[in-house]
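Visitor: need a structure here:
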Amino acid sequence: MKLYVARHGYAGEPILDDERADDDRGLTSAGRRDVEAVAVEADIAPSAIFTSPLRRARETAEVFGRRFRAPVKVATALHRHDDPESWLRRAVLDGGLKRVMLVGHVDNLPDLMSELGDQPVDRLKKGELRAYRIDRETGAWTERWRITPDELQ
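Guide: Have a look, this model is predicted:
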């Protein structure tokens, strides 16, 4: 199985004293340009894109969805404070999809990949996209490549 993992693009500085307002931060114009550049560089065809319900992640997923002509589905398990591992195993690994993309947050994506494959993962940069090959039976994964906005500047 191929799993593509993306962190949302730049959405301004966090709003530390108002979680609801922070959750509603959208991509800045620079953040949108970064995600669009990464999408153009990537040559992938995900069957589906699952995204966190937070606005910045949804907007990032929509950019990828348009570029890759893939449906975007909100998955509450990808919220930045949730632990998506059981959802991933049930909905994605056991679901029969062969190429899946996840769009989420630095709070949970590295932990998800670490727990899934029992190996450490470094933090994703804003707007970064990584490709993994996953063994459905063991959950073991291998990183295939990564694209960051910085390397495209």
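
Visitor: Helix or strand: which one has the closest residue to residue 85 other than its chain neighbours?
Guide: Of all residues not flanking residue 85 in the chain, residue 115 sits nearest, at 5.1 Å (Cβ to Cβ, 6 or more residues apart in numbering). In this view, the C-beta of every residue, glycine as well, is placed from N, C-alpha and C. Taking DSSP states H and E as the criterion, residue 115 maps to helix 109-117.

Visitor: show me what contacts residue 42?
Guide: By Cβ atoms under 8 Å, 6 or more residues apart in numbering, the contact set of residue 42 is 4, 67, 68, 129, 147.

Visitor: List buried residues within those residues.
Guide: 4, 68, 129, 147 (16 or more other Cβ atoms under 10 Å).

Visitor: Return the distance of the second one relative to residue 137.
Guide: Spelled out, it's residue 68. 27 Å (Cβ to Cβ, to the nearest Å).

Visitor: and if you look at the last one?
Guide: Plainly put, residue 147 is 28 Å away from residue 137 if you go by Cβ to Cβ.

Visitor: now swap in residue 108 and tell me
Guide: In terms of Cβ to Cβ, residue 108 sits 24 Å off from residue 137.

Visitor: what about these two, which has more around it?
Guide: residue 108 (21 against 7; other Cβ atoms under 10 Å).

Visitor: What is the three-state secondary structure of the residue nearest to the spatial centre of the chain?
Guide: Computing the C-alpha centroid of the chain and ranking residues by Cα atoms, centre = their mean puts residue 103 first, at 2.4 Å. For residue 103, the assignment made with DSSP: H, G, I helix; E, B strand; the rest coil gives strand.
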